[in-house]
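S.K.: Structural data only, the sequence is not supplied:
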């Protein structure tokens, strides 16, 4: 079987632009301008815009010396960024065509095989090729192309693409069912887990943390699903469907306005595993009980974008640019359980509620000594997400849920610790 290159180099694109210019009788500069226009219009990569323009002009492009492969899996096609290939897939989710910014039409389907799932997209006059497909259809596809949108891979249908329904899958959901540790960037997945943090509304989106037996991930939601998610409670069992993106090497499941869902379900999974600090690892969502040994109350807010809540950098939001910032509460404490220390940061209302103030204004205007007096030396139970090693402390983490332990809680914690020590020594 011939070998195929993966990522296309700038020199490859230059040659393809030159070939396309020759085929359509235009100067290279004109072709470049059209590619730039499509990139801005659709938000796609340079290669994706080049392929879209070539398809519009009726020109088939292939890199010099490259042969079309035989039938491949979706994972092989996407990992090698193949530009013309045949494959079989199962249609998992269908959707209605939508209007593009330019007034054209596009449709996105969720498809998958035994190796991965992916978006199957079509634009304008080729949209009709996807409109007759139904969930569960087993499809033989010829002359598909791998493109990308916002750094996520897509399977692109062109004029030359042929789609033939050759069978039916009774349970298409199985193609997208994953544990959290199995999800891949660019996939559409269905994950069963438990809500590991109270949902937070940033004003632009809602998010919460989801855990299963293999790990944890953040879930972002927009639209009606975001509104429904605000009714979720810590410990609720849910099934989450959405698109996977990767942020700082950590997967995020995105439940979009048009694709994705959250369904309540029964699970026997704990929201967080009880661990000692010495047992923590980066990426863990765990419950730790200990004593607050340090309170950093001097810096109790950060300047945030009022739309998305992200921290401002040099007066600008990384996503929304120059905006008038607002002060969002923040609190850092160090928790020690006898086996190690973890610096734990609370954001927003979590910080205000944990210290025991009624309002954000009251928290921001409080004396540093009052905050320290309320917290220093208190026994706490914290569900946290470990970000990595601390600068001085053993670990650095974000608090997802926390409470100061009462005398009765503390007695139960001692009993639990005694059983754990007995079990470890037995």
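M.R.: Structure received. In this text, all values refer to a predicted model and were calculated from it rather than measured experimentally.
S.K.: Any idea how many residues pack against residue 166?
M.R.: Residue 166 has 9 neighbours, counted by other Cβ atoms under 10 Å. All C-beta spots, glycine's among them, are computed from the backbone N, C-alpha and C.
S.K.: How about the secondary structure of it?
M.R.: The three-state assignment at residue 166 reads strand, by DSSP: H, G, I helix; E, B strand; the rest coil.
S.K.: and the gap between it and residue 90?
M.R.: Distance, residue 166 to residue 90, by Cβ to Cβ, to the nearest Å: 11 Å.
S.K.: any residues in contact with both of these two?
M.R.: The contact sets of residue 166 and residue 90 overlap at 138-139 (Cβ atoms under 8 Å, 6 or more residues apart in numbering).
S.K.: quick one: low-confidence parts of the protein?
M.R.: By pLDDT under 70, the low-scoring segments of the chain are 1-12, 43, 60-70, 248-249, 410, 413, 416-417, 420, 423-426.
S.K.: Repeat the analysis, applying 50 as the threshold.
M.R.: 1-10, 64-66, 425-426 (pLDDT under 50).
S.K.: quick one: the helices in the stretch 201-350 of the chain?
M.R.: Remark: helices assigned in the stretch 201-350 of the chain by DSSP state H, counting those that start in this stretch are 223-229, 349-355.
S.K.: just the stretch 1-150 of the chain next, same as before
M.R.: Listed in chain order, the helices found in the stretch 1-150 of the chain under DSSP H, counting those that start in this stretch are 10-24, 28-42, 46-56, 74-80, 128-131.
S.K.: Please state the offset of the fourth one from the chain centre?
M.R.: So the one you mean is helix 74-80. 20 Å (Cα atoms, centre = their mean, to the nearest Å).
S.K.: next one: the last one
M.R.: The gap between the average C-alpha position of helix 128-131 and the chain average comes to 28 Å, counting by Cα atoms, centre = their mean.
S.K.: For that helix, name the packing helices and strands.
M.R.: If contacts are counted by 3 or more Cβ pairs under 8 Å, 6 or more residues apart in numbering; DSSP states H and E, helix 128-131 sits against strand 105-112, strand 117-123.
S.K.: residues in contact with that helix?
M.R.: Contact partners of helix 128-131, identified using Cβ under 8 Å, 6+ apart, comprise 94, 97, 107, 109, 120, 122, 157, 161, 163.
S.K.: Out of the helices of the stretch 201-350 of the chain, which gets nearest to residue 199?
M.R.: Closest of these to residue 199 is helix 223-229, at 5.0 Å (criterion: Cβ to Cβ).
S.K.: Report the buried residues of that closest one.
M.R.: Using 16 or more other Cβ atoms under 10 Å as the test for burial, helix 223-229 gives 225-226, 228-229.
S.K.: Could you identify the most distant pair in these?
M.R.: It's 226 and 228 that sit farthest apart of the buried residues of helix 223-229, by Cβ to Cβ, at 7.4 Å.
S.K.: How about residues contacting stretch 167-178?
M.R.: 90-92, 110, 112-114, 117, 135-138, 187-192, 241.
S.K.: Name the residues of that stretch that are buried.
M.R.: 169, 172, 175-176, 178.
S.K.: Span of it from start to end?
M.R.: Chord length of stretch 167-178, first to last residue, is 24 Å (Cα to Cα, to the nearest Å).
S.K.: With stretch 143-157 instead?
M.R.: Distance across stretch 143-157, first residue to last, is 8 Å (Cα to Cα).
S.K.: now do stretch 230-243
M.R.: Stretch 230-243 end-to-end distance (Cα to Cα) = 20 Å.
S.K.: Also stretch 342-352?
M.R.: 20 Å.
S.K.: ok, now stretch 111-118?
M.R.: The first residue of stretch 111-118 is 6 Å away from its last residue (Cα to Cα).
S.K.: Contacts for that stretch next, please.
M.R.: Contacts for stretch 111-118 (Cβ under 8 Å, 6+ apart): 73-76, 78, 87-92, 110, 119-120, 139, 153-155, 175-176, 184, 186-189.
S.K.: what do you get if the cut-off is 6 Å, keeping everything else the same?
M.R.: 73-75, 89-92, 120, 155, 175-176, 184, 187-188 (Cβ atoms under 6 Å, 6 or more residues apart in numbering).
S.K.: Over to stretch 317-325?
M.R.: 303, 305, 307-308, 310, 312, 316.
S.K.: Mind listing what's buried along that stretch?
M.R.: Buried, per 16+ other Cβ under 10 Å, within stretch 317-325: 317, 323, 325.
S.K.: Please apply the same query to stretch 373-381.
M.R.: 374-375, 379-381.
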